[in-house]
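>>> Sequence first, predicted coordinates after that:
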Amino acid sequence: MTLAFDEFLARVAPDAARRERDRCLLTAELAELRGIGFGAWRVPAAFGGSPLRLEELFARLIRLAGADASLGHVWRGHIAFVESLRQQPAAVAAPWFERILSGDFVGNAQSERHDTARLETRIDRSAGSPLLSGTKYYTTGSIYADWIHLAALDGDERVAVTVSAHHDGVRSTDDWDGFGQVLTGSGTTVFDSVPVGVDGILPPSSDPAGAAWHHLGSILQLALVAVVAGIAQRALDDTVAFVTPRRRTFGFAGETLPREDPLVQLVVGELSVAASTARRLVLSVAADLGDASESGASVERMRDIQFDVFRLQELVPRLVLDATTRLFEVGGASAVGNGYALDRHWRNVRTIASHNPVIQRTRALGQFALTGDLPDWQAPAADRSEASR
């Protein structure tokens, strides 16, 4: 398993910039990853898996994102889905774990494009069998998926539903127009009268603000920070590869080796600090999260770990954004060429850092420290009746 993963990374990493530049979707690469079992590495032994510890899975996610930033990102929803199954009763989880062990990949489709945060995707039971209809955006990974996990209304109840991505009523479009993470398939997915299977709606948590809720929230956000950590390592590797063979330092006449220039060494050192720090922070929190989940830790402990994830969301992207901005100091105008594509590292981190409002999370930490209360995540002047739906 480890050797196959290492060999895979060595093959896909060299072409990452070309795939992004040419917008070559990652269908073949994902198929190979599924074949070596990447999506099943947290399936419990009781269901036929050989589970990794959570921090080891995140270590591999960091390495995967280092090989290709989009390829690491697309697994976020799948990883969270598997972790949510680990919190479900065995009878509920078993059929899904069987599919995942067979290599099935689960995409994610939560958000909708409306002026408000209302949910319009619905399950219609009027014809007897439940049918799902609606339109989602930012559906990361869904264009590659066998199953898509999403939020929908079942009557007046918000539910978590998972449907087959292969049904004729499911159409995913590669229309994500962001300047980073362009191969994540984070575009539009339409659901038109898609059947919901008997095991398609996961039972809601008996404690909607309990330990499992904090665990899943931490997984979803820590996965993004792990991708940023992987990008930091790749930025360091690419910068070293750019500098090492060069024979002239920008701004100096004659042959002056950049790798011996103290200023170039300083910039590369800053990249090394960012990459190592980001990785160690992610793995430290992942280890705490895994241990707490396995031991059935209290709600308070799981909440404290989620706060640590919030702190990483503030610190790690800022650290890596600063370093990936400075890296261009190593080569003058040649460092901004499309061939080297060093700019993609900043673009990809900036895109991920915009995924969730970091300033809201940081402000929440400050409010909690000062008052002991958490915000209700409601925008100023929002309609409370609308926000509660």
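That came through fine.
>>> avg pLDDT for the helix or strand harbouring H214?
Assigned by DSSP states H and E, H214 falls within helix 211-243. The pLDDT scores in helix 211-243 average 96.
>>> Might one say that H355 is in contact with L224?
Yes. Assessed by Cβ atoms under 8 Å, H355 is found in contact with L224 at 5.9 Å. Glycine gets a C-beta too; all of them are placed from N, C-alpha and C.
>>> More neighbours: which of those two?
Ranked by neighbour count (other Cβ atoms under 10 Å), H355 and L224 place L224 first, with 22 against 19.
>>> Could you report the separation of the more buried one from V282?
Counting by Cβ to Cβ, to the nearest Å, the gap from L224 to V282 is 10 Å.
>>> wait, doesn't G180 sit right on H345?
No. Taking contacts as Cβ under 8 Å, G180 lies outside contact range of H345: 9.3 Å.
>>> For the residue lying closest to G296 once chain neighbours are set aside, the count of nearby residues, please.
What sits nearest to G296 in space, not counting adjacent residues and going by Cβ to Cβ, 6 or more residues apart in numbering, is A211, at 7.6 Å. By the criterion of other Cβ under 10 Å, A211 has 21 neighbours.
>>> ok, A211 - contacts?
Applying Cβ atoms under 8 Å, 6 or more residues apart in numbering to A211 gives the contacts 293, 296-299, 301-302.
>>> pretty sure A90 contacts A46?
Yes. Counting by Cβ under 8 Å, A90 touches A46, with 7.3 Å between them.
>>> ok, back up a step: only whichever of the contacts of A211 are buried, select them in ChimeraX.
Those of the contacts of A211 that count as buried under 16 or more other Cβ atoms under 10 Å are selected in ChimeraX with:
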select :293,297,301,302
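>>> can you put the contacts of A211 in JSON lines and add distance to D192?
As requested, those are exported to JSON lines (distance: Cβ to Cβ, whole Å):
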{"residue": "S293", "distance to D192": "37"}
{"residue": "G296", "distance to D192": "42"}
{"residue": "A297", "distance to D192": "42"}
{"residue": "S298", "distance to D192": "44"}
{"residue": "V299", "distance to D192": "40"}
{"residue": "R301", "distance to D192": "44"}
{"residue": "M302", "distance to D192": "38"}
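>>> pLDDT added to the contacts of A211, as TSV?
Converted to TSV, these look like this (pLDDT from 0 to 100):
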residue	pLDDT
S293	94
G296	93
A297	94
S298	94
V299	93
R301	96
M302	95
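>>> For the contacts of A211, give me JSON lines that also has distance to A109 and secondary structure.
Shown next, in JSON lines, are these (distance: Cβ to Cβ, whole Å; DSSP: H, G, I helix; E, B strand; the rest coil):
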{"residue": "S293", "distance to A109": "25", "secondary structure": "helix"}
{"residue": "G296", "distance to A109": "31", "secondary structure": "coil"}
{"residue": "A297", "distance to A109": "30", "secondary structure": "coil"}
{"residue": "S298", "distance to A109": "32", "secondary structure": "coil"}
{"residue": "V299", "distance to A109": "28", "secondary structure": "helix"}
{"residue": "R301", "distance to A109": "31", "secondary structure": "helix"}
{"residue": "M302", "distance to A109": "26", "secondary structure": "helix"}
